[in-house]
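# next one to model:
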Amino acid sequence: MRWVIALLFALALVSPALGQEKDPFGLTPVKDMERFPIVVREWETMPKKLAYDAMLMDLCRYEPGMCSRSAKIALNLVERVKGLNEFERLREVDYEINRHLGYITDLEQWGPTEPSQPGKAARSERWTSPLEVLTSGKGDCEDYANLKLFILWQAGIPLANMRLVVIEYSDPDLSEVHSVLAAKPAMGRWFVLDIPLRYALDYKVLYGLQPYEVPVHPMVAEAQPAK
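This is a model prediction of the structure:
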């Protein structure tokens, strides 16, 4: 099974259209609160969550007795992959997070988080911190994407080289809007990390988000491998 996922990662996710673009798919990242207010609102909460989880990872590195179970899982994965070349790092993190997490919608996990509207189904949108996702062992597409981003960041891939991209599948059974992580290692190509069973499906790219800007604690920077 693992070699099948690796093959899909290599063949189905590497698109020639990504090429050497500054941003994945040649997109200009959006900061449009009018068109995408809920997604952008949740995106804006993530830098503080990433910074807090990075601090917890520091505690795990330097005070093992204060290491939470989720931080220990994350740190073990970081230490295991950061010695790999960047392509293998992306592939391994993609595989391990997909293997570790179970999928659940925000509505199922948190209940409605958006004001109800007459004649429309209840809506929910909540982006959870990476270590909280590991603690629960489940999440939706943004949780998968943000957890992969966090692990890769801790393993030495700059935040500036990663983007959340929002897409829509053409399959009528998967018509909901969906988020994936695009990452560009030093080799200069963008790769898309998705959740299981969706690798080979046709999709339409809707928009990309700005890269996160998170102040890096000195110990976090020290723990990351030199570029």
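# next SSE after the helix or strand encompassing residue 75?
According to DSSP states H and E, residue 75 maps onto helix 69-81. Remark: after helix 69-81, the chain's next helix or strand is helix 86-100, criterion DSSP H and E.
# please name every helix or strand in contact with that following helix.
helix 2-12, helix 69-81, helix 141-154, strand 191-193 (3 or more CB pairs under 8 Å, 6 or more residues apart in numbering; DSSP states H and E). Just so you know, the C-beta spots here come from the backbone N, C-alpha and C atoms, and that holds for glycine as well.
# repeat that with 6 Å
Using 3 or more CB pairs under 6 Å, 6 or more residues apart in numbering; DSSP states H and E, the elements in contact with helix 86-100 are helix 2-12, helix 69-81, helix 141-154.
# if we can go back for a sec, buried ones in the helix holding residue 75?
For helix 69-81, the buried set under the neighbour-count rule, 16 or more other CB atoms under 10 Å, comprises 70-71, 73-75, 77-78, 81.
# residue 210: which of the helices and strands packed on helix 86-100 is closest?
Ranking the helices and strands packed on helix 86-100 by proximity to residue 210 (CB to CB) places helix 141-154 first, at 12.9 Å.
# so the closest residue to residue 160 other than its chain neighbours: helix, strand or coil?
Excluding its sequence neighbours, the residue lying closest to residue 160 (CB to CB, 6 or more residues apart in numbering) is residue 211, at 5.1 Å. Under the three-state scheme (DSSP: H, G, I helix; E, B strand; the rest coil), residue 211 adopts coil.
# show me the shaky parts of this structure.
Along the chain, the model assigns pLDDT under 70 to residues 1-21, 26-36, 111-124, 170-176, 187, 196-202, 216-227.
# could you pick out the longest helix of it?
helix 37-62 (DSSP state H).
# that one - contacts with which helices or strands?
So helix 37-62, by 3+ CB pairs under 6 Å, 6+ apart, packs with helix 69-81, helix 218-223.
# hmm, try it at 7 Å
For helix 37-62, the packing partners by 3 or more CB pairs under 7 Å, 6 or more residues apart in numbering; DSSP states H and E come out as helix 69-81, helix 130-136, helix 141-154, helix 218-223.
# and of the ones you listed, who's closest to residue 102?
Ranked by CB to CB, the member of the helices and strands packed on helix 37-62 that lies closest to residue 102 is helix 130-136, at 9.1 Å.
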